[in-house]
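Undergrad: Let me see the structure of the following:
(2 chains)
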Amino acid sequence: SQKIEQNSEALNIQEGKTATLTCNYTNYSPAYLQWYRQDPGRGPVFLLLIRENEKEKRKERLKVTFDTTLKQSLFHITASQPADSATYLCALLIYNQGGKLIFGQGTELSVKP
Amino acid sequence: DAMVIQNPRYQVTQFGKPVTLSCSQTLNHNVMYWYQQKSSQAPKLLFHYYDKDFNNEADTPDNFQSRRPNTSFCFLDIRSPGLGDAAMYLCATSRAARMNAEAFFGQGTRLTVV
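TA: Model (predicted):
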């Protein structure tokens, strides 16, 4: 079965630095990886999607990369701000199973002023 | 304007007493999902609908059932809630006919079992 894993350890960084989060998946190709932000007590909010045949995708201070050899996606937040503090989830869209969407456990990011 | 609405936001139910959580959407999306999320854990997919086609996850307990009477509404029924079913329940929708379909989530229902 498909599996998707994130580093469960919380990430603490200083304001202005770049945060890098990792997502690994197994047993599925082609893959469409999505990244979401979740604040405490709220539903996840979609940020970015990257297809397996794309190496990189950007949106403002966000960047997602995809390494098909490692089956890994990296999510970067540049010039991080305290307002970026949240849990970031990666998700795998399995298109040929009726749009099934499965999530990793998320990485909690804390940006200190 | 809210596009995926879950009711209620907070639900307290007694051990073993059936409870229903509801979800409605104004996006006319053909896919609807139900997730269970416990503290510091991944949202766990319980089941999803692609139009009227129901897809149950293999490890979803029989205690959990779902109904989708029309495109806009979807219900999660917990027939006999146990203490272990206390969690946040998230409903989401997507237009999965597109490869780049993103999911839109409701605010969730926090279920407490006493």
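Undergrad: going forward, measure contacts and count neighbours with C-alpha atoms only.
TA: Will do.
Undergrad: Just give the nearest non-adjacent residue to residue A:73, would you?
TA: Residue nearest to residue A:73 in three dimensions, not counting chain neighbours: residue A:66, with 4.5 Å by Cα to Cα, 6 or more residues apart in numbering or on different chains.
Undergrad: burial count for the one you found?
TA: 23 (other Cα atoms under 10 Å in any protein chain shown).
Undergrad: where's it, which helix or strand?
TA: Using DSSP states H and E, the element containing residue A:66 is strand A:62-67.
Undergrad: got the buried residues for that strand?
TA: Counting neighbours by 16 or more other Cα atoms under 10 Å in any protein chain shown, one finds that the buried residues in strand A:62-67 are A:62, A:63, A:64, A:65, A:66.
Undergrad: Give me the contact list for whichever helix or strand comes after it.
TA: Later in the chain than strand A:62-67, the nearest helix or strand by DSSP H and E is strand A:72-77. Here strand A:72-77 makes contact (Cα atoms under 8 Å, 6 or more residues apart in numbering or on different chains) with A:18-25, A:33, A:35, A:61-67.
Undergrad: where does the chain dip in pLDDT?
TA: Using chain A. Chain A contains residues with pLDDT under 70 at A:1, A:28-30.
Undergrad: that's the other chain; I wanted chain B
TA: Counting by pLDDT under 70, chain B contains low-confidence residues at B:1-2, B:96-99.
Undergrad: Residue numbers of it in contact with chain A?
TA: Of all the residues in chain B, those in contact range of chain A (Cα under 8 Å from any Cα of the partner chain) are B:31, B:40-45, B:48-50, B:55, B:90, B:96-97, B:99-100, B:102-108.
Undergrad: Nearest to residue A:113 among the buried residues of strand A:62-67?
TA: Nearest to residue A:113 among the buried residues of strand A:62-67: residue A:62, at 19.2 Å, using Cα to Cα.
Undergrad: number of nearby residues for the closest residue in space to residue A:6 that isn't next to it in sequence?
TA: Among residues not flanking residue A:6 along the chain, residue A:23 sits closest, at 4.7 Å (Cα to Cα, 6+ apart). Using other Cα under 10 Å, residue A:23 has 23 neighbouring residues.
Undergrad: mind listing what whichever strand or helix holds residue A:23 pairs with, with the direction of each?
TA: Element membership for residue A:23 (DSSP H and E) is strand A:19-26. Strand A:19-26 pairs in its sheet with strand A:3-6 (antiparallel), strand A:72-77 (antiparallel), by DSSP bridges.
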